[in-house]
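Asker: What would the 3D arrangement of this be:
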Amino acid sequence: MAAQDGTQEAHVTQGPLTTEAGAPVADNQNSETAGVGGPVLVQDQLLLEKLAHFNRERIPERVVHARGAGAYGTFTLTRDVSRWTRAAFLSEVGKQTETFLRFSTVAGSLGAADAVRDPRGWALKFYTEEGNYDLVGNNTPVFFIKDAIKFPDFIHTQKRDPYSGSQEADNVWDFWGLSPESTHQVTWLFGDRGIPASYRHMNGYGSHTFQWNNEAGEVFWVKYHFKTDQGIKNLTQDEANRLAGEDPDSHQRDLREAIERGDFPTWTVQVQIMPAADAATYRFNPFDLTKVWPHEDYPPIEIGRLELNRNPENIFAEVEQSVFSPAHFVPGIGPSPDKMLQGRLFAYGDAHRYRVGINADHLPVNRPHATEARTHSRDGFLYDGRHKGAKNYEPNSFGGPSQTGRPLWQSTPVTGVTGDHAAAVHAEDDDFTQAGDLYRLMSEAEKGRLVDNLAGFIAKVSREDIAERAIGNFRRADEDFGKRLEAAIQALRG
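Answerer: Take a look at the predicted model:
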């Protein structure tokens, strides 16, 4: 618990130190030996217990988003949205819902620095009265790829090379150059917002398109935006390089200390809403994760406020063991045909079942607050016996939980034959228009920093064709963009 002055109070434990089984410990300073200076005895169970537990203290780190920080908070609804969704936590203006938000970088390992050029994960858990709703996005409204089948390949390019053991510019730019759909997100990443000054000073986005449905069964497509009330603040590459070396924990420290001193960070929550009928004829595929919906087409609507106001007391238990899945929906909210989202519906839960265990959802940070999880799943690693002797099958005639008969979301009509299809073709389905639009929105100073950031990285590739392909993609987004980038790379290479 935090004291009134913001410092951390000591936890006072009454009684003697014990073993894991509860027996009092006589000596925690010296191992039991066969005589003074003799060998250690295997009968010293405290020693064996401590060493065995220490060897097993870590669990596998996340393959992506390993480096993170989190905090608890409250979401408050400020607008009536019942015309669009029947979700209970969105049913009444002023209604508050407990939340837990985990921020993260994507590519770095658990021990990496915070101040690096990388997207930031935005994993938000709503502890609603109808179960947990997880909204798992990023601090960017778009992503590098649009189909989950490419995700392992993409991440392999961002991680350490199997031969060199380091991230290699050749791998990164070879993949991005051969995947022109990445041009929009790469323009975001190497612009000013590529290195947020802190977790408090960046926006969050659901990124994907999701389904809302109301009591009448009407369907709407929705995108989430969380706009920081602290204002956008970013680091230059030089500032980030210095900070990463001086204080690798800069972002998690900033978040923790802000909450300790009562400077609770807040975000204004907005949604863009598209009637379901619009999707088929919209000018580009509205389920494409590499695209944004222009605000002039679907203006953001303010619906609430998110505040973070309580730090976790144990980082491992509450941040490292927290699990989020895009498949955790509640009545009135569901998925869309976004191919990246569809893959994530499986991948996230599967990762957590491997990493934390089959009963990860029973841990306190992951457990529903206002309702009990009533399932017929039993046993497995760390099962706590909470179901006692209740029957573990359905249907049964012993008063066990049963189905409601009402799906959480509305069905999506589909037609056609099975196959490895690309997305449906819309009039403006290309990979470069929105990247060019983003570039043209920037000031001259912003454009200059973007070009310098890109040039510094592309100049490291060892093959000219990889560099030329990358430059060509940015030239297709905007001729001036490509021209300035090519000149900057040539200047660095002399």
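
Asker: just the strands in the stretch 201-350 of the chain please.
Answerer: In the stretch 201-350 of the chain, the strands defined using DSSP state E, counting those that start in this stretch lie at 204-205, 210-213, 219-228, 266-275, 301-310, 333-334.

Asker: closest to Leu438 out of those strands?
Answerer: strand 204-205 (14.4 Å; C-beta to C-beta). Placement of C-beta: from N, CA and C, glycine included.

Asker: Who are the packing partners of the closest one?
Answerer: Contact partners of strand 204-205 among helices and strands, from 3 or more C-beta pairs under 8 Å, 6 or more residues apart in numbering; DSSP states H and E: strand 120-128, strand 131-138, strand 219-228.

Asker: so can I have TSV of the strands of the stretch 201-350 of the chain showing mean neighbour count?
Answerer: Shown next, in TSV, are the strands of the stretch 201-350 of the chain (neighbours: other C-beta atoms under 10 Å):
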stretch	mean neighbour count
strand 204-205	24
strand 210-213	23
strand 219-228	22
strand 266-275	20
strand 301-310	18
strand 333-334	22
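
Asker: which element is the residue nearest to Glu20 when sequence neighbours are not counted on?
Answerer: Sequence neighbours aside, Glu49 is the residue nearest to Glu20 in space, at 5.9 Å (criterion: C-beta to C-beta, 6 or more residues apart in numbering). Assigned by DSSP states H and E, Glu49 belongs to helix 45-55.

Asker: Helices of this structure, start to end?
Answerer: Assigned by DSSP state H, the chain shows helices spanning 45-55, 151-158, 169-178, 183-189, 237-246, 250-260, 315, 339-355, 433-441, 444-458, 464-477, 479-493.

Asker: Highest mean neighbour count across the ones you listed, which stretch is it?
Answerer: Of all these, helix 183-189 has the most neighbours on average by mean count of other C-beta atoms under 10 Å, namely a mean of 24.

Asker: What lies in contact with it?
Answerer: Residues outside helix 183-189 that contact it (C-beta atoms under 8 Å, 6 or more residues apart in numbering) are 117-119, 140, 142-144, 176, 194, 290-291, 431-432, 434-435, 438-439, 450, 454, 473-474, 476-477.

Asker: Now with 7 Å, please.
Answerer: Residues from elsewhere that reach helix 183-189 (C-beta atoms under 7 Å, 6 or more residues apart in numbering): 117, 119, 140, 142-144, 176, 290, 431-432, 434-435, 438-439, 473-474, 477.

Asker: do the same with stretch 51-70
Answerer: 100-106, 108-110, 112, 121, 155, 199, 251-252, 255, 312, 318-319, 322, 351, 355-356.

Asker: contacting residues for the residue nearest the centre of the chain?
Answerer: Central residue of the chain (C-alpha atoms, centre = their mean): Gly121, 3.4 Å from the mean position. By C-beta under 7 Å, 6+ apart, Gly121 lies in contact with 65, 68, 103-104, 106, 138.

Asker: per-domain residue ranges of the chain.
Answerer: Taking automatic domain parsing as the reference, the chain has its domains at 68-143+198-362, 433-493.

Asker: Would you mind measuring the gap between the ends of the first one?
Answerer: Read that as domain 68-143+198-362. When the termini of domain 68-143+198-362 are compared using C-alpha to C-alpha, to the nearest Å, they are 21 Å apart.

Asker: How about stretch 86-94?
Answerer: With C-alpha to C-alpha as the measure, stretch 86-94 spans 16 Å from end to end.

Asker: Tell me what the closest residue in space to Glu302 that isn't next to it in sequence is bridged to.
Answerer: Leaving aside its sequence neighbours, Glu302 sits nearest to Gln270 (C-beta to C-beta, 6+ apart; 5.2 Å). Assessed by DSSP bridges, Gln270 has beta-bridge partners His225, Glu302.

Asker: how far away is Gln270 from Lys125?
Answerer: Going from Gln270 to Lys125 by C-beta to C-beta, to the nearest Å gives 20 Å.

Asker: And Phe381, by the same measure?
Answerer: 22 Å.

Asker: for Tyr205, same thing?
Answerer: On the measure of C-beta to C-beta, Tyr205 and Lys125 end up 16 Å apart.

Asker: Also Leu441?
Answerer: Leu441 sits 33 Å away from Lys125 when distances are taken as C-beta to C-beta.

Asker: Same check on Asn213?
Answerer: Asn213 sits 21 Å away from Lys125, going by C-beta to C-beta.

Asker: Please name whichever of the domains of the chain is nearest to Val425.
Answerer: So among the domains of the chain, domain 68-143+198-362 is nearest, using C-beta to C-beta, at 8.1 Å.

Asker: model confidence over that closest one, on average?
Answerer: Average pLDDT, domain 68-143+198-362: 97.

Asker: Pull the distance from it to the chain's centre.
Answerer: Taking C-alpha atoms, centre = their mean, to the nearest Å, one finds the center of domain 68-143+198-362 at 7 Å from the center of the full chain.

Asker: ok, now which ones touch Thr157?
Answerer: Residues near Thr157 by C-beta under 7 Å, 6+ apart: 171-172, 175.

Asker: Would you mind listing the outside residues contacting stretch 240-257?
Answerer: 69, 71, 113-117, 195, 198-200, 235, 311.

Asker: burial of the residue lying closest to Leu48 once chain neighbours are set aside, as a residue count?
Answerer: The spatially closest residue to Leu48, leaving aside those adjacent along the chain, is Val42, at 7.2 Å (C-beta to C-beta, 6+ apart). Look at Val42: counted by other C-beta atoms under 10 Å, it has 9 neighbours.

Asker: now Asp430
Answerer: 17.
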